[in-house]
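Colleague: Kindly return the folded structure for what I paste below:
(2 chains)
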Number of protein chains: 2
Amino acid sequence: MAPLNRQVRLQSRPTGVPGPEHFLLAEAPTEEPGPGELLIRNEYLSVEPAMRGWVADLNNYSAPVPIGSVMRSLAAGEVVSSRHPDFQEGDKVIGWFGWQEYATVPAVAVTRKVTENDLPLSLYLGVLGINGVTAYFGLLDVGQPRPGDTVVVSTAAGAVGSVVGQIAKLMGCRTIGITGGVEKVQLCTDLYGFDQALDYKALGEDIASELAEACPNGINVYFDNVAGAITDRVLGHLAIGARVVICGTASIQSWTPVPTGPRVERILLTRRARAQGFVVFDYQHRHEEAIARLADWVRQGRLAFREDVQDGIESCLGAIAGLYRGENLGKRIIRLYSR
Amino acid sequence: MAPLNRQVRLQSRPTGVPGPEHFLLAEAPTEEPGPGELLIRNEYLSVEPAMRGWVADLNNYSAPVPIGSVMRSLAAGEVVSSRHPDFQEGDKVIGWFGWQEYATVPAVAVTRKVTENDLPLSLYLGVLGINGVTAYFGLLDVGQPRPGDTVVVSTAAGAVGSVVGQIAKLMGCRTIGITGGVEKVQLCTDLYGFDQALDYKALGEDIASELAEACPNGINVYFDNVAGAITDRVLGHLAIGARVVICGTASIQSWTPVPTGPRVERILLTRRARAQGFVVFDYQHRHEEAIARLADWVRQGRLAFREDVQDGIESCLGAIAGLYRGENLGKRIIRLYSR
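Modeller: Numbering: from 1, shown residues only, chains lettered A, B, ... in the order given. Below you'll find the model as predicted:
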C-alpha cells in the first residue's frame, strides 16, 4: 500500500524572495514507479538561495518552476523501489526529487548515487553537494587564485562562502570574509579559518575603510554571492588583474525592474579586472572530481562545515525567506525522517 | 641654431572631456639632446579618446599628466640629431614625444623605429599603432572570438572599432557595428565590411529591438568603447558564455561622481558572461607580433583604414573634445609638416 506523500507546491510567483505565502503544503498519493523509474523516500531536502531564481518569472539559467508543481529541489534519500537496472532498494541517492516526502522520478533525476558510507548523507546536499561544488569550481576555475593572493568572500559564513574561504586558504591565499552579525564573524574566523572577517551589519559605511586596511595590496579574487552595496565597496579595492566571481546576488531583493548602482566599467577597465558569472550546472561533467577532493579534505579535517537542520516538511514554507534574512548558521537542510 | 618649438601644455585639469580651455599653446626653445637623448622633429601627433583619462585626476592606468607639462601623446617623427648609438639622423620613429613640434627625449621614449618604408608613417599612429594593436589584442586575447560568433562593436567607425570589426570578420565572425550618423553607418558597411551597422543616434530606444533582430542567437563578443546607455542595451542580448571587452568608456562624460546605471550582476550571472577591462600597455612586449600581422593585412588590402587629418599644432587644442563629439571620420591625427 503506497504511503501518503506530503509535498510543497509553488502556489504563486513571487517578484522577490519567496515566502510562505507563495507555497502550499498539500497531500498526494505516492505513485508507483513506472518502467525506468524509481520511488525514493526523501531523508533531507535542500534549501538554496538560488531557489529565488528558480521560481522567478525572469530570464534565468533554468526554466521557472511551474505554478502548481512541487518545488524544485535537490534532496537526499533512499530508493524504496526501483524499475531501473542501475538502482536497487536501499541505494542512497542525491537528485532532483523536489520538496516532498516521496518522489517517483525517472532515473535521470538522480544526480549521484552515494556509494561512500563513511560520511553523513546530508553532506551531499551541502559541503559535498551543490554548495561545495559551486565553491570549488567557482573559486578555482573562474577565480583562479594564486598563492599569496588576497581573496574576499561575501556571505562568508554561508554554505558556499565558507567552503570558498577554506579552499582559498588551502591554496595559500589570505582570506577576508564578509558576513553579518557577531556569531557569523566568529564562525568565519574560528571554524572556517578566515584571516579576518568583517561584519557588514556593524560596519555600515565603514566597511570600505576596513576593507582597505585588510587588503593593503588590493583584492585579487572577489567571490561574490550578494551583489549590491557590499559589492560596490569591494570593487573599489580590486587589485590590477583581479577576478570577480559572480555566483549570486542575494542582497538584491528584486530584479524587476533592474536596480541601479554605480557603473563598473571604469573600475574594470583601469584595474584590467574581470567579472564573470558562474553557474554550477555548467560543470556537471566534472562534479565527481570536485566531490572526491572535497570529501578527502573533510576526512582529513581540513574542510569544516556546519548544518542548519530544520525538522519536517512544513519547515520548507518559510525556509528560503529565512535564508535571505540570514537566520541560518550553516547549510540549511530540511530533515524529514530522523533515524 | 635650434629652431623654436611650439608645444601644447596642459593648463588645468578637466573633470570630464578636456577642451581648448584646458590647454595652452606656448613657445619654448628647442633643447639640444644630452647623452643618450634624441632630438625629434614630429611629423604627426596622435589624438586618442584615452587622453581624457591621462589628464584626469582619477585612479587610472597611468600617472596623470602634470599641470604645465607638454600634453602626453604618441607621435611620429624623424630623428634630427642623436646621441644614442641605436639611432641616427633621418630615422623614422614612433614614441612618446608629446604634443609639440620638436621633442628632446631619452631613447626609451621611442616605442618603435619604423624600418618598413612601404607604408605611410602616419599609419603607425593608427591602424598599425596603438589603435590597431588595441583592437588586435583586445579582440583576440580578451574577446576570444570563434568562427560563427556574433561580434558587436561600439564606436564601430572609430580608429579602434573599425579594426576590431575587420579582424572579427577575418576570423569568420558576423559583425554588427554601432555608430552615430548616416555617414559613419555607411563607412562601417562599405569600407569596414560590417554585416550590419546600427545608428544609435537615429534609433534611440529602438536600438534594443534592432539589436535583437540583428543578433537572433545573441551576442558572443561585445567590444565596448563607450559604456553607458548603449552598453546597457547591448548587455541585454548577450549569449551564454559571452565575452565583453571593456576598452573605453567614451559615452561617460565624467566619473566624478561615479554615474549609476542598471546593475549588471544578474545578466553576467545568468549568461555566464565575462566583462573584462583591457589596457593595451599591458601588451607592450607583444606589439611587434600584432603590428606585423596588421601590416600584412593592410598590404593585402584586407584591412581598410581612414584618417582624419588636421593641420598645424593649434588643431590640438580642440581635438579631444571633437573626438568626443564624434566629428571625426577615421583616426584623428595632427599633421605638423606637409612634405
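
Colleague: How about the nearest residue to residue A:114 once chain neighbours are set aside: which residues does it bridge to?
Modeller: Nearest residue to residue A:114 in three dimensions, chain neighbours excluded: residue A:92, at 4.2 Å (CB to CB, 6 or more residues apart in numbering or on different chains). Heads up, the C-betas are built off the backbone N, CA and C, glycines and all. Beta bridges link residue A:92 to residue A:78, judged by DSSP bridges.

Colleague: Wait, residue A:92 touches residue A:121, no?
Modeller: Yes - applying CB atoms under 8 Å as the test, residue A:92 and residue A:121 come out as touching, 5.6 Å apart.

Colleague: hey, what's in contact with both of the two?
Modeller: A:76, A:114 (CB atoms under 8 Å, 6 or more residues apart in numbering or on different chains).

Colleague: so what's the residue nearest to residue A:114 up against?
Modeller: A:76-79, A:113-114, A:117, A:121.

Colleague: Over to residue A:303?
Modeller: Contacts of residue A:303 (CB under 8 Å, 6+ apart): A:127, A:163, A:166-167, A:294, A:297.

Colleague: try 7 Å this time
Modeller: When contacts are counted by CB atoms under 7 Å, 6 or more residues apart in numbering or on different chains, residue A:303 touches A:127, A:163, A:166, A:294, A:297.

Colleague: just residue A:51 next, same as before
Modeller: residue A:320.

Colleague: What number of residues are in the vicinity of residue A:115?
Modeller: 7 (other CB atoms under 10 Å in any protein chain shown).

Colleague: In stretch A:114-132, which of the residues would be classed as buried?
Modeller: Across stretch A:114-132, burial judged by 16 or more other CB atoms under 10 Å in any protein chain shown covers A:114, A:121-132.

Colleague: Let's see which of those residues end up in helices.
Modeller: Judged by DSSP state H, the subset of the buried residues of stretch A:114-132 located in helices is A:130-132.

Colleague: ends of stretch A:9-24, how far apart?
Modeller: Using CA to CA, to the nearest Å, the end-to-end distance of stretch A:9-24 comes to 5 Å.

Colleague: mean confidence for that stretch?
Modeller: The pLDDT scores in stretch A:9-24 average 95.

Colleague: Could you identify the longest helix within chain A?
Modeller: Chain A, longest helix under DSSP H: helix A:287-299.

Colleague: Which residues does that one contact?
Modeller: By CB under 7 Å, 6+ apart, helix A:287-299 touches A:116, A:119, A:127-128, A:132-133, A:136-137, A:303.

Colleague: Low-confidence bits of the stretch 51-200 of chain A, can you list those?
Modeller: Low-confidence segments of the stretch 51-200 of chain A (pLDDT under 70): A:58-61.

Colleague: Helices of that one, residue ranges please.
Modeller: Secondary structure of the stretch 51-200 of chain A (DSSP state H, counting those that start in this stretch): helices at A:51-55, A:130-137, A:161-170, A:182-186, A:200-203.

Colleague: Who are the packing partners of the longest one?
Modeller: The one in question is helix A:161-170. When contacts are defined as 3 or more CB pairs under 7 Å, 6 or more residues apart in numbering or on different chains; DSSP states H and E, helix A:161-170 packs onto helix A:130-137, strand A:150-154, strand A:174-179.

Colleague: Buried deepest among the ones you listed, which one?
Modeller: strand A:150-154 (a mean of 29; mean count of other CB atoms under 10 Å in any protein chain shown).

Colleague: Give me the contacts around it.
Modeller: A:145, A:161, A:164-165, A:168, A:173-178, A:215, A:217-226, A:230-231, A:234.

Colleague: Buried ones only from these, please, as a PyMOL command.
Modeller: To isolate the buried members of the contacts of strand A:150-154 in PyMOL, using 16+ other CB under 10 Å:
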select buried, chain A and resi 145+161+164+165+168+173+174+175+176+177+178+215+218+219+220+221+222+223+224+225+226+230+231+234
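
Colleague: about what we covered before: would you mind putting the ones in helices among the buried residues of stretch A:114-132 into JSON lines with distance to chain B alongside?
Modeller: Listed next are these as JSON lines, based on distance: CB to the nearest CB, whole Å:
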{"residue": "A:130", "distance to chain B": "15"}
{"residue": "A:131", "distance to chain B": "16"}
{"residue": "A:132", "distance to chain B": "19"}
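
Colleague: Residue nearest the middle of chain A, spatially speaking?
Modeller: residue A:131 (4.2 Å; CA atoms, centre = their mean).

Colleague: got the contact list for that residue?
Modeller: A:159-160, A:163, A:331.

Colleague: how about the residues of chain A near chain B?
Modeller: A:59-61, A:227, A:246, A:249, A:255, A:258-266, A:268-279, A:282 (CB under 7 Å from any CB of the partner chain).

Colleague: Show the buried residues in these.
Modeller: Using 16+ other CB under 10 Å, the buried ones in the residues of chain A next to chain B are A:60-61, A:227, A:246, A:249, A:255, A:258-259, A:261-266, A:268-279.

Colleague: What is the neighbour count of residue A:57?
Modeller: Applying other CB under 10 Å, I find that residue A:57 has 11 neighbouring residues.

Colleague: Apologies, that question was intended for residue A:212.
Modeller: What residue A:212 shows, counting by other CB under 10 Å, is a neighbour count of 13.

Colleague: isn't it right next to residue A:234, touching?
Modeller: No - with contact defined as CB atoms under 7 Å, residue A:212 does not count as touching residue A:234 (10.7 Å).

Colleague: sec struct for residue A:33, please.
Modeller: Recorded secondary structure, residue A:33: coil (DSSP: H, G, I helix; E, B strand; the rest coil).

Colleague: tell me the contacts of it?
Modeller: Counted by CB under 7 Å, 6+ apart, residue A:33 has contacts A:39, A:81-83, A:104.

Colleague: Strands of the stretch 201-339 of chain A, residue ranges please.
Modeller: Secondary structure of the stretch 201-339 of chain A (DSSP state E, counting those that start in this stretch): strands at A:219-224, A:238-246, A:260-262, A:274-277, A:307-311, A:331-335.

Colleague: quick one: which of the ones you listed is nearest residue A:320?
Modeller: strand A:331-335 (8.9 Å; CB to CB).

Colleague: same for that closest one, what does it pack against?
Modeller: strand A:37-46, strand A:307-311, helix A:319-324.

Colleague: Could you single out the most deeply buried of these?
Modeller: strand A:37-46 comes out most buried of the helices and strands packed on strand A:331-335 by mean count of other CB under 10 Å, with a mean of 24.

Colleague: Could I have the CA atoms of it written out in PDB?
Modeller: In PDB, the C-alpha atoms belonging to strand A:37-46 read as follows (Å, rounded to 0.1, in the frame of the first residue of the first chain):
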ATOM      1  CA  GLU A  37      11.500   5.000 -12.700                       C
ATOM      2  CA  LEU A  38      12.400   5.000  -9.000                       C
ATOM      3  CA  LEU A  39      10.400   5.600  -5.900                       C
ATOM      4  CA  ILE A  40      12.500   7.500  -3.400                       C
ATOM      5  CA  ARG A  41      11.900   8.300   0.200                       C
ATOM      6  CA  ASN A  42      13.500  11.700   0.800                       C
ATOM      7  CA  GLU A  43      15.500  12.000   4.000                       C
ATOM      8  CA  TYR A  44      16.900  15.500   3.600                       C
ATOM      9  CA  LEU A  45      15.700  18.400   1.400                       C
ATOM     10  CA  SER A  46      17.900  21.200   0.300                       C
END
